[in-house]
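here is the input, now give the coordinates:
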Amino acid sequence: MSSVQRAKLADELVRRLAAALRGAQLYAAGHPLVNRNITALNDTLTVVHASVASIAIGIVGEELVVGDIPVAKAAETMGELMRRLQQAGIERIVIDRGVQAPELLLLVETLGRSDTGKDPASALGRLPHIRVGRLQVDERVDAGAGDIATFRRLYDDAVSVAGTLWDSTKTEGTPDADAGRGIVDSLAQAVAQNRTALLALTALKKYDNYTFTHMVNVSILTMGQARGLGIEGSLLREFGLSALMHDIGKVRTPAEILNKPDRLTDQEFSILKRHTVEGAEILRRTPEMPTLAPVVAFEHHLRADGTGYPVGVVRPHLNLGTMLCGIADVYDAMRSQRVYQEAFPTDRILGVLQRNDGAQFDQHLVRRFAQLVGIYPAGNLVRLDSGEIGVVIKAYAPDPYRPQVRVLVSREGTTLEKPYDINLWEAAEGQAQAVQAPLDPALFDIDPLSYL
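Below is the predicted model of the structure:
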């Protein structure tokens, strides 16, 4: 579908939604005009869903945006629709393929009532194909500090939600699937918008809440891989939510084992390994959790060669979601510095993923992962072989050792007023040719993420 066709379809979709909302405000439920408007809206969504699994309608600044397409401001109906959404405290509506007319009717009737006295987002929270809520990531943001600041807020929100999911599981026995889906929706949107910036945020070292940052990092890294394989829409979000919940069984692991600063004994490790079975059981009992989630929780420590745990479980083939989550899990665990473990460099981690002749992990997926994150991932502060210091901006898939770098400090050690970018894979003679070593940004009083 061409960009012109997509723009026309986006315009038609919001017009149909505005008409349905207006009809629900003016006429009683069951009125023929209300039914015709809902049918027209559903027909337009069927056309939209023929090319995408889900579509988001949101408010970004002063614009109404469908997917990533701003809708023209000409029609007064657009302004009325935006006003109604803002009055209801809703900045985003996500509609999945398979939506039914009764769901659309409930949506417009709820939005059309200004005196419900009830939060519309809560009233609509149980619809199987429609999700509403606050837009946590702008569909279109300016590159630079504003961009990364937006992603920082999203990342912090995600870590907070991970903590809430953990706490609700401990106290109530199951996590809040709606909260998990909501934050994964925003993370999936961000992965589609600027995967490099979001992946860079996963390198943040917050040692005091490793469990929650690890949940979020594994979700982002899993979706980053899945997106690279062409997985989008509702399936991408299923991968993300399943990865977010992969370790939820650890809520039943005794705290003295989970937080032990030293190496675990064999007996303690046996107890820890139960988290795969415990997690699968918890997620299997959680309403509205995707069927993939308990599978990933159960399998994420199994390996392709039959090793790993739960011991004695053999799979002829591991689920793709499991394999992507397993790679992300090992990578994030090894690169995170904790009391009992120093962080490992990326090349060492990739070596672990490739050991035993590559029998434990699918090597095609490992190679794609190396191309995704690079040997020196985006957001790393590095010293170049020229003596200059810079921030890795993005990996170069054909040669993960030679990324794009934004040079901040000259070879003489002076801070540059105007940083410049260099592509190490095509550097000219006399320029830096390679990364010499990663650096600790705290020692240089530099925030690498602010340069992305």
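
where in the stretch 51-200 of the chain is pLDDT low?
For the stretch 51-200 of the chain, applying pLDDT under 70 flags the ranges 60-62, 72-79, 113-126, 133-147.

which stretches of it form strands?
Applying DSSP state E, counting those that start in this stretch to the stretch 51-200 of the chain gives strands spanning 54-60, 63-66, 69-70, 92-96, 130-133.

now render these as CSV, adding distance to residue 166 and mean neighbour count.
Placement of C-beta: from N, CA and C, glycine included. Below are those laid out as CSV (distance: least, C-beta to C-beta, whole Å; neighbours: other C-beta atoms under 10 Å):
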stretch, distance to residue 166, mean neighbour count
strand 54-60, 27, 20
strand 63-66, 33, 20
strand 69-70, 37, 18
strand 92-96, 25, 22
strand 130-133, 21, 22
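
tell me which of the ones you listed sits nearest to residue 359.
Nearest to residue 359, of all those, is strand 54-60, at 37.2 Å by C-beta to C-beta.

which parts of the longest helix along the chain are buried?
Of all the segments of type helix in the chain, defined by DSSP state H, the longest one is helix 145-172. Using 16 or more other C-beta atoms under 10 Å as the test for burial, helix 145-172 gives 147-148, 150-151, 154-155, 157-159, 161-166, 168-169.

got it, and stretch 434-452?
434-435, 438-439, 441, 446, 448-449, 451-452.

what of stretch 94-111?
Neighbour count says stretch 94-111 has 94-97, 99, 103-111 buried, by 16+ other C-beta under 10 Å.

was I right to think residue 152 contacts residue 449?
Yes: assessed by C-beta atoms under 8 Å, residue 152 is found in contact with residue 449 at 7.3 Å.

intersection of neighbour lists for those two?
By C-beta atoms under 8 Å, 6 or more residues apart in numbering, residue 152 and residue 449 have these common neighbours: residue 201.

and this structure, what are its domains?
Structural domains assigned to the chain are 3-133, 145-373, 381-451, following automatic domain parsing.

so which of those is the most packed in?
Counting by mean count of other C-beta atoms under 10 Å, domain 145-373 has the highest mean neighbour count of the domains of the chain, with a mean of 19.

quick one: the helix or strand containing residue 24 to strand 54-60, angle?
Secondary structure from DSSP states H and E places residue 24 in helix 3-26. Interaxial angle of helix 3-26 relative to strand 54-60 (axes from the mean of the first three to the mean of the last three C-alpha atoms, to 10 degrees): 80 degrees.

ok now helix 3-26, how far from the chain's centre?
28 Å (C-alpha atoms, centre = their mean, to the nearest Å).

go on, stretch 405-416?
33 Å.

and it, how far apart are its ends?
14 Å (C-alpha to C-alpha, to the nearest Å).

equivalent analysis for stretch 281-298, please.
9 Å.
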